[in-house]
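Visitor: Below is the sequence, then the predicted model.
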Amino acid sequence: MKRNELKHAFKLAFPHTIPVLTGFLILGIAYGVLMSSKGYPVIYSVLMSAIAFCGSMQFVAITLLTTLFNPLEAFLLSLMVNARHLFYGISMLEKYKGFGKIKNFLIYTLCDETFSLVSSVTPPENVEKKYFYFAISFLDYSYWIIGTFLGGVLGSFITFNTTGLDFVLTALFVVLFIEQIRIKQNRVYGFLGIALGILSLILFGASNMVIPTMISVLIVLLVWRKWVCN
Amino acid sequence: MQLTSIETLLIILAVALGTIITRFTPFILFPESKELPPIITFLGKTLPPAMMGLLVVYSLKNVSVLVSPYGIPEAISLVIITILHLWKRNVLLSIGVGTLVYMFLIQVVFL
């Protein structure tokens, strides 16, 4: 019974994850290739993808692996680059409530893309929610690891011109953003994120924009709640 | 490979620990057993659209509007994705067409 439900959930979840499949394979391969070009055997890139599973931070970590050994710096940088997960967690507190043991896995694998899908896609009626979210999380997680593995093993043999294919993740974010702001109550908050994101990008530059955006979003939301919602 | 195997593993664990802390902290601070403060419920509803907005900007952060091709391929693709999605509302279609248009633009048109 349970196994069938899980299978059913994977079937329904899979189509939603196709853009992530494309993007993660491409970026995962790029990561695997980059790691092996620095002389790291595939086992290390796969371990990083499986244990840390943090996309952009893994690319940052390449510089940490090619310099003097400094795990404290790696830890602090990881906290900063990944700070946005704090807000994903807050967003999922209600959604993941009462899911039992499976919840730890959902939290462990809560990346940008999984967050985007879980917060924007309504699970079909005939599927148990927690299995549906598990399927999305598990699929996204495995795409990243598989991509990394492929990149590490056969990266240098791939000659197909994939330039621009990683735009699939930008496209995913844009489409899910549109899905979010189709809901009227969400609209103002969606544009708030865009506006403060652009402002932080201009003021702090591409590599430092996330934390200023998070702080300013938080301040505006709290002030907004106090003055407008009351 | 500049670091030893042990050093590499420790860096992986350090990066993982940082990531795990950012992912688990909200769930540890606000366990299911306790009632959520209203302010957190409010943030839980308003942060998803705001963070989606941030992700859109974040994923385009390295696009320069000052250097050729001035972000034009991205702009064209975004317009097509938006129009197509508002019209057909098919997620995979919007993403697929948008990505192919973008690849065509940067591989063929704006070379």
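Guide: Happy to help now that I have it.
Visitor: Buried residues, the lengthiest helix in chain A. List them.
Guide: For chain A, the helix with the greatest residue count under DSSP state H is helix A:2-37. Across helix A:2-37, burial judged by 16 or more other CB atoms under 10 Å in any protein chain shown covers A:6, A:8-10, A:12-13, A:16-36. (C-beta placed from N, C-alpha, C; glycine too.)
Visitor: which ones are touching residue A:109?
Guide: By CB atoms under 8 Å, 6 or more residues apart in numbering or on different chains, residue A:109 lies in contact with A:53, A:137, A:138, A:140, A:141.
Visitor: Lowest mean pLDDT among the helices and strands, pick that one out for chain A.
Guide: The least trusted helix or strand in chain A, going by mean pLDDT, DSSP states H and E, turns out to be helix A:55-65, with a mean of 89.
Visitor: now the angle from whichever helix or strand comes after it to helix A:55-65?
Guide: Following helix A:55-65 in sequence order, the next helix or strand is helix A:71-81 (DSSP states H and E). If you take axes from the mean of the first three to the mean of the last three CA atoms, to 10 degrees, helix A:71-81 sits at 160 degrees to helix A:55-65.
Visitor: just to revisit the earlier point, quick one: list the elements packing against the longest helix of chain A.
Guide: helix A:42-51, helix A:55-65, helix A:112-120, helix A:129-154, helix A:167-182, helix B:91-104 (3 or more CB pairs under 8 Å, 6 or more residues apart in numbering or on different chains; DSSP states H and E).
Visitor: Buried residues, the helix or strand containing residue B:39. List them.
Guide: Here residue B:39 sits within helix B:38-59, counting by DSSP H and E. Neighbour counts over helix B:38-59 (16+ other CB under 10 Å) mark B:40, B:42-44, B:46-59 as buried.
Visitor: So which of those residues reach chain A?
Guide: B:40, B:42-44, B:46-59 (CB under 8 Å from any CB of the partner chain).
Visitor: Can you get me a residue count around residue B:4?
Guide: 10 (other CB atoms under 10 Å in any protein chain shown).
Visitor: Model confidence score at it, please.
Guide: Residue B:4 carries a pLDDT score of 92 in this model.
Visitor: And for residue A:34?
Guide: On pLDDT, residue A:34 comes in at 85.
Visitor: in chain A, what spans have low per-residue confidence?
Guide: A:1, A:155-156, A:158-161, A:229-230 (pLDDT under 70).
Visitor: what domains does the record give for it?
Guide: Domains of chain A are assigned by automatic domain parsing as A:2-182, A:183-230.
Visitor: to the chain's geometric centre, what's the distance from the shortest one?
Guide: Put plainly, it is domain A:183-230. The chain centre lies 19 Å from the centre of domain A:183-230; the measure is CA atoms, centre = their mean, to the nearest Å.
Visitor: Residue A:11 and chain B: what is the separation?
Guide: Using CB to the nearest CB, to the nearest Å, we find residue A:11 at a distance of 16 Å from chain B.
Visitor: re the thing from before, can you tell me which of the contacts of residue A:109 comes closest to chain B?
Guide: residue A:53 (7.0 Å; CB to the nearest CB).
Visitor: now that closest one, what's its secondary structure?
Guide: What DSSP: H, G, I helix; E, B strand; the rest coil gives for residue A:53 is coil.
Visitor: measure residue A:32 to residue B:16 for me?
Guide: 18 Å (CB to CB, to the nearest Å).
Visitor: and if you look at residue A:31?
Guide: Distance from residue A:31 to residue B:16, by CB to CB: 15 Å.
Visitor: same thing with residue A:130?
Guide: 24 Å.
Visitor: okay, these two: which has more neighbours?
Guide: residue B:16 (23 against 20).
Visitor: For that one, what is the enclosing helix or strand?
Guide: Residue-wise, residue B:16 maps onto helix B:5-29 under DSSP H and E.
Visitor: what does residue A:89 give?
Guide: Going by DSSP H and E, residue A:89 is in helix A:84-92.
Visitor: Only the C-alpha atoms, please, for the next helix or strand after that helix, written as PDB.
Guide: Note on helix A:84-92: by DSSP H and E, the next helix or strand toward the C-terminus is helix A:102-108. C-alpha atoms of helix A:102-108 as PDB (Å, rounded to 0.1, in the frame of the first residue of the first chain):
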ATOM      1  CA  ILE A 102      10.600  11.900   6.200                       C
ATOM      2  CA  LYS A 103      10.700  15.600   7.300                       C
ATOM      3  CA  ASN A 104      14.400  15.400   8.100                       C
ATOM      4  CA  PHE A 105      15.200  14.400   4.600                       C
ATOM      5  CA  LEU A 106      13.000  17.100   3.200                       C
ATOM      6  CA  ILE A 107      14.900  19.700   5.300                       C
ATOM      7  CA  TYR A 108      18.300  18.200   4.500                       C
END
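Visitor: Just list what helix A:102-108 packs against, helices and strands only.
Guide: On a contact count with 3+ CB pairs under 8 Å, 6+ apart, helix A:102-108 meets helix A:84-92, helix A:129-154, helix B:5-29.
Visitor: quick one: which of those helices is nearest residue A:70?
Guide: Closest to residue A:70 of the helices and strands packed on helix A:102-108 is helix B:5-29 (CB to CB; 8.3 Å).
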